[in-house]
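Student: pasting the sequence and the predicted coordinates here, then a few questions.
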Amino acid sequence: MNNKVEPFRSGFVAIIGRPNVGKSTLLNQLLGEKVAIVTPKPQTTRNQIRGIRTAPGSQVIFLDTPGIHRARSLINRRMVEVAKSTLREVDLTLWLVDATKGLVGEDEDITRLLVESGKAALVLLNKIDLVSKLKLLPVIDRISSLFPGREIVPISALKGENLRLLVDLILKSLPEGPRYYPEDEITDQTEQFIAAEIIREKIFLLTRKEIPYGVAVVIEEFSEKPEKDLVVIKAAIHSERESHKPILIGKKGAMLKKIGSQAREELEGLLGCKVYLELFVKVDRGWTQDPNAIKEFGL
Ligand code: GDP
Ligand code: MG
């Protein structure tokens, strides 16, 4: 009989990949809770979000990074920097590739970053629910020639396909280590941060073109009223352009109302109480190019 006690394993795992490959979806699935916002648009995730998955013998801290892409504006360059520095800190990297698109230019940049970092990595071919097995083969071939000797795992983050296998592979590659976070903690983000992100997600889902990219949400008040089973949230939507303001507000305030009611509904589920949500739009000309503003907005 083998009575050997398995050591506790723990470590940090980065989730990287081009915008829109499904990084936030995967993180939420692995945690069983929504900690990262998900939208059909690229470049939604701006900050690094930690998600913590604790099991009896292990703890994995996942880092959802902003997508790596060829950067132009200052805020985009900042996001790429965050992704790069993350790679240096982790025990393992999960590199997501969109199976419906195959490898594109930025994926070569990512491969270079991964090879430079010298860290263990798994390649996850995501969205396999959308493509036939036959079409996967050439993509797998290209990945193995670009990045030889690494395990390639086809998954569907959305449908949960192959995620159990993925978790096993992750755990196998982690070192022995402590439990870094309390076992009931699933993210390092504050409720305020998640509230701002949920509002930003609704703006991404409801407005078009460049508008959501020029928006930062700042929570100006977050007060709990336990006697009324209520949380009062006041949030400012900072828009980089004057011309975006009327669009964000909408006819007779219709757009702002829609953003507010969708966000409120989700926040009530998250916080488990009633939410009074007040939104207003402020214009901060060119904030996405202003290092001070980016800092002030916590980005
Ligand atoms: P991120 O930018 O890499 O964080 O990508 P998101 O997680 O925000 O996902 C981008 C879009 O892809 C969203 O509309 C997701 O619902 C969708 N998506 C993510 N994973 C899958 C998947 O496995 N299958 C399908 N069909 N869609 C997915
Ligand atoms: Mg994301």
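Tutor: Everything's here; your move. Numbering: from 1, shown residues only. Ligands and ions are numbered 1, 2, ... in the order given.
Student: drop to CA atoms for contacts and neighbour counts, all remaining ones
Tutor: Noted.
Student: pull the helix or strand with minimum mean pLDDT from this structure.
Tutor: Lowest mean confidence among the helices and strands of the chain (mean pLDDT, DSSP states H and E): helix 74-89, at a mean of 69.
Student: can you give me the helices for the protein?
Tutor: 23-31, 74-89, 105-117, 133-146, 163-173, 191-206, 245-249, 254-271, 291-296 (DSSP state H).
Student: these: which one's closest to ligand 1?
Tutor: Smallest distance to ligand 1 across the helices of the chain (CA to the nearest ligand atom): 3.7 Å, for helix 23-31.
Student: so how far is that closest one off the chain centroid?
Tutor: Taking CA atoms, centre = their mean, to the nearest Å, one finds helix 23-31 lying 8 Å from the centre of the chain it belongs to.
Student: now for it, which elements pack on it?
Tutor: strand 9-17, strand 49-55, strand 58-64 (3 or more CA pairs under 8 Å, 6 or more residues apart in numbering; DSSP states H and E).
Student: the longest one near ligand 1 at all?
Tutor: Just to be clear, that refers to strand 9-17. No - using CA under 6 Å from any ligand atom, strand 9-17 never reaches ligand 1; the gap is at least 6.5 Å.
Student: pull the CA atoms of that strand into PDB?
Tutor: Output of strand 9-17 as PDB, limited to C-alpha atoms (Å, rounded to 0.1, in the frame of the first residue of the first chain):
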ATOM      1  CA  ARG A   9       1.200  22.100  -5.000                       C
ATOM      2  CA  SER A  10       0.800  25.800  -5.900                       C
ATOM      3  CA  GLY A  11       1.900  28.300  -8.400                       C
ATOM      4  CA  PHE A  12       1.100  31.200 -10.700                       C
ATOM      5  CA  VAL A  13      -0.200  30.500 -14.200                       C
ATOM      6  CA  ALA A  14      -0.400  33.200 -16.900                       C
ATOM      7  CA  ILE A  15      -3.100  33.100 -19.500                       C
ATOM      8  CA  ILE A  16      -1.900  34.800 -22.600                       C
ATOM      9  CA  GLY A  17      -2.900  35.100 -26.200                       C
END
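Student: what's the average pLDDT for it?
Tutor: Strand 9-17 shows a mean pLDDT of 92.
Student: could you do the second one as well?
Tutor: For strand 49-55, mean pLDDT rounds to 89.
Student: if we can go back for a sec, of the helices of the chain, which is nearest ligand 2?
Tutor: Nearest to ligand 2 among the helices of the chain is helix 23-31; the distance by CA to the ion comes to 4.2 Å.
Student: what comes up buried for the closest one?
Tutor: 23-31 (16 or more other CA atoms under 10 Å).
Student: would a markdown table of those residues with pLDDT be doable?
Tutor: Below are these laid out as a markdown table (pLDDT from 0 to 100):
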| residue | pLDDT |
| --- | --- |
| Lys23 | 90 |
| Ser24 | 87 |
| Thr25 | 92 |
| Leu26 | 95 |
| Leu27 | 91 |
| Asn28 | 89 |
| Gln29 | 93 |
| Leu30 | 93 |
| Leu31 | 89 |
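Student: filter those down to the ones near ligand 1?
Tutor: Near ligand 1, by the rule CA under 6 Å from any ligand atom, you find 23-25 out of the buried residues of helix 23-31.
Student: that older thread, of the buried residues of helix 23-31, list those near ligand 2.
Tutor: The residues of these that also fall near ligand 2, by CA under 5 Å from the ion, are Ser24.
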